[in-house]
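In: here is my input, please return the structure:
(4 chains, ligands or ions: 2)
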Amino acid sequence: MKQDFPIFLRKVNGNSLVYLDNAATTQKPACVIDAMSHFYTSSNANVHRAVHTLAGEATEGYEACRSLLKQRYNSTRAIITSGTTEAINLVARSWGESNLNSGDVVVLTEMEHHSDIVPWQMLAERKAIELRYIPVIDGELDLDAFDVALEGAKLVCVVHTSNVLGIRNPVEKIIAAAKSVGARILLDAAQAVPHEMIDFQQLGADFMAFSAHKMCGPTGIGALLVNDTAFDEMEPFMGGGDMIQTVTLEGSTYQTNEHKFEAGTPRIAEGVGWAAALDWISKVDLQQHHKRLLSIATSIKSSLQERGMTVYSPLGPDDAAVVSFTHPTIHPEDFARLLDAQGIAVRTGHHCAQPLMDKLGVSGTIRASLYLYNDDSDAEVFLSGIDRVLEVMA
Amino acid sequence: MKQDFPIFLRKVNGNSLVYLDNAATTQKPACVIDAMSHFYTSSNANVHRAVHTLAGEATEGYEACRSLLKQRYNSTRAIITSGTTEAINLVARSWGESNLNSGDVVVLTEMEHHSDIVPWQMLAERKAIELRYIPVIDGELDLDAFDVALEGAKLVCVVHTSNVLGIRNPVEKIIAAAKSVGARILLDAAQAVPHEMIDFQQLGADFMAFSAHKMCGPTGIGALLVNDTAFDEMEPFMGGGDMIQTVTLEGSTYQTNEHKFEAGTPRIAEGVGWAAALDWISKVDLQQHHKRLLSIATSIKSSLQERGMTVYSPLGPDDAAVVSFTHPTIHPEDFARLLDAQGIAVRTGHHCAQPLMDKLGVSGTIRASLYLYNDDSDAEVFLSGIDRVLEVMA
Amino acid sequence: MTWPAAIQEIIDEFQEIEEQFERLEILMDFSDEVEELPIEQWTEANLVKGCQSIAHIEVELVDDAVWMKAAADAKIVQGLQGILSIAVNGSSPEDVLSLTPEFAEEAGILNSLTPSRSNGFRTMFDMVQKRVKEGIQ
Amino acid sequence: MTWPAAIQEIIDEFQEIEEQFERLEILMDFSDEVEELPIEQWTEANLVKGCQSIAHIEVELVDDAVWMKAAADAKIVQGLQGILSIAVNGSSPEDVLSLTPEFAEEAGILNSLTPSRSNGFRTMFDMVQKRVKEGIQ
Ligand SMILES: Cc1ncc(COP(=O)(O)O)c(C=O)c1O
Ligand SMILES: Cc1ncc(COP(=O)(O)O)c(C=O)c1O
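Out: Ligands and ions are numbered 1, 2, ... in the order given. Sure thing, here's the model as predicted:
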């Protein structure tokens, strides 16, 4: 599969690139890069409300992305945003602002990415709502605590798959429980859609947010899937071109479809690129790759443990292939730089999940996260890279 | 100059492309397209807080865009957004929400783009502020009315250059007047930066919003320049990764620089592409092109008038080369489609400025807007295209 | 694909023409085929949404045959309405429901009007079928 | 460009090395050159901002010569601090202010640490110069 990804032709510090920072962002296949270049060299124009050929092609290219999203994830609505973060902020502003009131409860988890914490903290300040965080115990959400927290909850926000630990939460159970008390539910699926197929309607969540760049698509674009009921409860977020029906000095009326939430010139080339990525990934058997990558991750985990490191990722059968670890004495930054010197890219730090770090009792971890193009040879290079670091540092 | 732009190699309906829809979006030079492809094929990674080589290159590529913006426009702050529309919404939410109160006055003009009207209407609903619109009289802002409207104004929002008529407003006077009553001032510079050099600090506005895609850069990215005083008055807008300093379950603290307003994975490849566009455009003599294009537009205008059309663009010496017109009997859509059949791209409709349309007493116009790569031969093809339409329709 | 004769004729007529401008001229000629929907009958319900021009379409069943009335301020849109009229007028509801908008593509009408593909001809075509469906229920 | 002898030596040492990993090893050796800033003196003011590791830098003037104390939890950052110490310690404030961080680039230290270019070595270098400037005013 690596041959689809031109970046693997490059050398990093004289070595072949071993890219294990996929939870931060994934690499792009040539077809995605080409689709965007091709758009700019042959169809570039602004979309909607125009009758010339280029504008038509641009509109179709952009709207094709929406169609593919709806189709792939079985959703009646797909609002295009600049990424997961904007998608969650959109829910907080468009839905939260008008459907939550002082005293209402929003349930979060300690495992959330900052992008699924800070918008709610900000909303809590504006609207005096109550935030309850489901604790993480031994790497798992405490579902008993969840049942208690649900009491009076209007909204539940849960990360489907953790970017730090790879843990795939029992979202089916969580959704069922949330529904049973009539709460709306938002899934942060940034790390989920790259790894598994999701049927949005069948899963039954109200909102689902994710980013293109974590699933082989371009930067600058993401989506919020919304079911019809929740969609009707949403007020406009940003105002501007394309989201209105009429504007007068006295006031404006809005579009009734997804455009209502897409003010201004949309991410056109990005939509074209994402459409190409969705097309490319539709030919990939995610389930088979999941098994393969998880087994690589599992063997990496035991090798790291043998070498005295602490691994935080449980790597259960449904978890994503993410290995978060620390060494008892070597600073993560030193570790990562010495790996980088060998062409190996990993991420260090709090991974935008400081509350989870606090819970794990660390200030940061080193994280190796795998994706479709990673293979056994990457794991080998990674482990011998680790050995070289240990030789020098330990 | 056309040879820098690969799109001009393509045929539209069998004809060479004559692209006159530049106020909607401009074409991209090869160097911009290549910079983005090159980024994706060689440096793609997520930015900030990482120590591996690709992440470092990505961070530098993205931050280079910010540096170039600050340098070119002489600004101490450049917040990167997804475009003009998001930049204006950012001001409404980050500054407006926390600095305007019930009864406060925001002054707009009848010439504004919807993106500089709707966010304020939405804010007015949330905060019960008063909106006052400066009338447009014979294509010019009524500055006497402006002086009256300023009474008690806290914020003045003005389109620097109109996307419908090309009119370049007397922003220097407007800023001076606004400052004299202590009002903050926001410039919608979406159509300004493509056409003239602006020294943001010298001009003295507090906020200035614009989009990359209207100045040969990619879609999905834009900027808000802010002076230091106004910057310090802004509260965070969207919450998430990258904009925080610390997150705990109890609350969060925020970055103090521009990152505070850039939640989530930024528009990385777009930043790289825009940097390339800024670099490319820095070698272009905008003033000379302005003169050249204005003279082409002026001759187009008189040819259209000779043929019985109404031209709404005054085309004063500082105005952008935009020709908005209607025919007494031919519907704009028919006109535009018959031009498109000849490879000529123009835009029709309300151009996201319905209040101005109402003022002009039309439901829409046909708009030919010129940019750097347009030349006399484009004007010739355009006019003979017009003649063919008239032959058939009139 | 085989089409009803009236439609096949239209396809042939368009396919003969090479130049897009001329195709649009022919298309505008079809505007004569529209039975005009009087302005009093323009409603929000029969407005063609997403169209740049103001266009309305109404469908009636007369003796079990479909009859379409329409109006548009842009001549090209009216031309599309004309073609649609030829395609459906006088047909049984079943025949209309079995039609697909692909014939316009085959004729090169849709291709040539790419920008409106999603919101022009198809929208009108879908409206007609929807109305017919409602009418026979 | 000509550099002070001590700096030139560092440049030469790094330039001899081809492999990035080995360069980092050498760099970490320079951590010995740091005069340690005691933990009681770690303040918000002398914290190196934007660094992944916790790093502090303090600068003193002793008999009109610059002396730097520093600490960092990552060894590579401490190595950078060591090189910075060699570059500035014992120099006059004027000499320190006339330095540019380019020498690290010339040595291949900056290039090799691209990710920190904007927020690692340069940040520390700028902090030292800023402190020196404040000290002599
Ligand atoms: C004057 C003006 N303001 C604002 C905008 C909105 O810009 P964008 O759609 O890139 O957000 C435009 C362009 O459409 C414009 O011409
Ligand atoms: C679980 C999770 N949620 C949210 C985000 C935010 O995504 P983005 O930065 O693309 O907005 C990320 C990625 O950083 C993530 O891993």
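
In: show me the helices in chain C, by range?
Out: Along chain C, the stretches classed as helices by DSSP state H are C:5-15, C:20-29, C:75-88, C:93-98, C:102-106, C:109-112, C:121-136.

In: ignore the last one, the stretch 251-394 of chain A
Out: Remark: helices assigned in the stretch 251-394 of chain A by DSSP state H, counting those that start in this stretch are A:268-281, A:286-306, A:332-340, A:354-360, A:376-393.

In: how is chain A partitioned into domains?
Out: Following automatic domain parsing, one gets these domains for chain A: A:2-20+A:285-393, A:31-281.

In: okay, how far is it across the first one, tip to tip?
Out: When you say that, I think you mean domain A:2-20+A:285-393. For domain A:2-20+A:285-393, the separation between the terminal residues is 32 Å (CA to CA, to the nearest Å).

In: burial measure for the residue lying closest to residue A:139 once chain neighbours are set aside, as a count.
Out: Excluding its sequence neighbours, the residue lying closest to residue A:139 (CB to CB, 6 or more residues apart in numbering or on different chains) is residue A:314, at 4.8 Å. For every residue, glycine as well, the C-beta is placed using N, CA and C. Residue A:314: 13 surrounding residues under other CB atoms under 10 Å in any protein chain shown.

In: is residue A:314 in contact with residue A:137, as I believe?
Out: No. Using CB atoms under 8 Å, residue A:314 is not in contact with residue A:137, being 11.8 Å away.

In: so what's the residue nearest to residue A:139 up against?
Out: A:139-140, A:165, A:167 (CB atoms under 8 Å, 6 or more residues apart in numbering or on different chains).

In: now do the contacts for residue 88.
Out: By default, I'm working from chain A. A:115-116, A:119, A:157, A:186, A:188, A:209, B:240 are the contacts of residue A:88 under CB under 8 Å, 6+ apart.

In: wrong one, I was asking about chain C
Out: C:59, C:66, C:68, C:96, C:99, C:128, C:132.

In: what's the lowest-pLDDT member of the residues you listed?
Out: Minimum pLDDT across these is recorded for residue C:99, with 87.

In: how close does the closest residue to it other than its chain neighbours sit to residue C:71?
Out: Spatial nearest neighbour of residue C:99, chain neighbours left out: residue C:87 (6.4 Å); criterion: CB to CB, 6+ apart. Residue C:87 sits 18 Å away from residue C:71, going by CB to CB, to the nearest Å.

In: quick revisit: any idea which of the helices of chain C scores lowest on pLDDT?
Out: Among those, helix C:109-112 scores lowest, with a mean of 62.

In: which one (most neighbours) among the contacts of residue A:88?
Out: residue A:115 (32 neighbours).

In: does it really touch residue B:265, like I thought?
Out: No. Checked against CB under 8 Å, the pair residue A:115 and residue B:265 is beyond contact range at 9.2 Å.

In: shared neighbours, those two?
Out: A:85, B:241.

In: what's the strand or helix carrying residue A:125 in contact with?
Out: Assessed by DSSP states H and E, residue A:125 sits inside helix A:118-127. Residues outside helix A:118-127 that contact it (CB under 8 Å, 6+ apart): A:88-89, A:91-93, A:96-97, A:100-102, A:104, A:106, A:108, A:129-131, A:157, B:236, B:238-240, B:243-244, B:247, B:251-252, B:263.

In: which one of the helices of chain C lies closest to residue B:368?
Out: When the helices of chain C are compared by CB to CB, helix C:20-29 sits nearest residue B:368, at 18.1 Å.

In: tell me where the stretch 51-200 of chain A has strands.
Out: Assigned by DSSP state E, counting those that start in this stretch, the strands in the stretch 51-200 of chain A fall at A:78-81, A:105-109, A:130-134, A:136-137, A:140-141, A:153-159, A:184-188.

In: just give the number of residues close to residue 14.
Out: Went with chain A since none was named. Other residues near residue A:14 come to 12 when the count uses other CB under 10 Å.

In: not quite, go with chain C.
Out: For residue C:14, using other CB under 10 Å, the count is 20.

In: any idea which of the contacts of residue A:314 is closest to chain D?
Out: residue A:165 (20.0 Å; CB to the nearest CB).

In: neighbours around the spatially closest residue to the closest one that is not a sequence neighbour, how many?
Out: Spatial nearest neighbour of residue A:165, chain neighbours left out: residue A:313 (4.8 Å); criterion: CB to CB, 6+ apart. If you count neighbours by other CB under 10 Å, residue A:313 ends up with 26.

In: and residue A:313, how far is that from ligand 2?
Out: Distance of residue A:313 to ligand 2, computed by CB to the nearest ligand atom, to the nearest Å: 14 Å.

In: for that residue, which residues are in contact?
Out: Applying CB under 8 Å, 6+ apart, the residues near residue A:313 are A:139, A:165-167, A:297, A:301, A:319, A:322-325.

In: distance to residue A:287 added to the residues you listed, as JSON lines?
Out: As requested, the contacts of residue A:313 are exported to JSON lines (distance: CB to CB, whole Å):
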{"residue": "A:139", "distance to residue A:287": "23"}
{"residue": "A:165", "distance to residue A:287": "21"}
{"residue": "A:166", "distance to residue A:287": "16"}
{"residue": "A:167", "distance to residue A:287": "18"}
{"residue": "A:297", "distance to residue A:287": "16"}
{"residue": "A:301", "distance to residue A:287": "21"}
{"residue": "A:319", "distance to residue A:287": "14"}
{"residue": "A:322", "distance to residue A:287": "17"}
{"residue": "A:323", "distance to residue A:287": "20"}
{"residue": "A:324", "distance to residue A:287": "23"}
{"residue": "A:325", "distance to residue A:287": "26"}
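
In: of the contacts of helix A:118-127, grab the buried ones for PyMOL.
Out: Per 16 or more other CB atoms under 10 Å in any protein chain shown, the buried members of these correspond to this PyMOL selection:
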select buried, (chain A and resi 88+89+91+92+93+96+97+100+104+106+108+129+131+157) or (chain B and resi 236+238+239+240+243+244+247+252+263)
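
In: pLDDT score assigned to residue A:279?
Out: 98.

In: could you check how far it is from ligand 2?
Out: In this view, residue A:279 and ligand 2 are 21 Å apart by CB to the nearest ligand atom.
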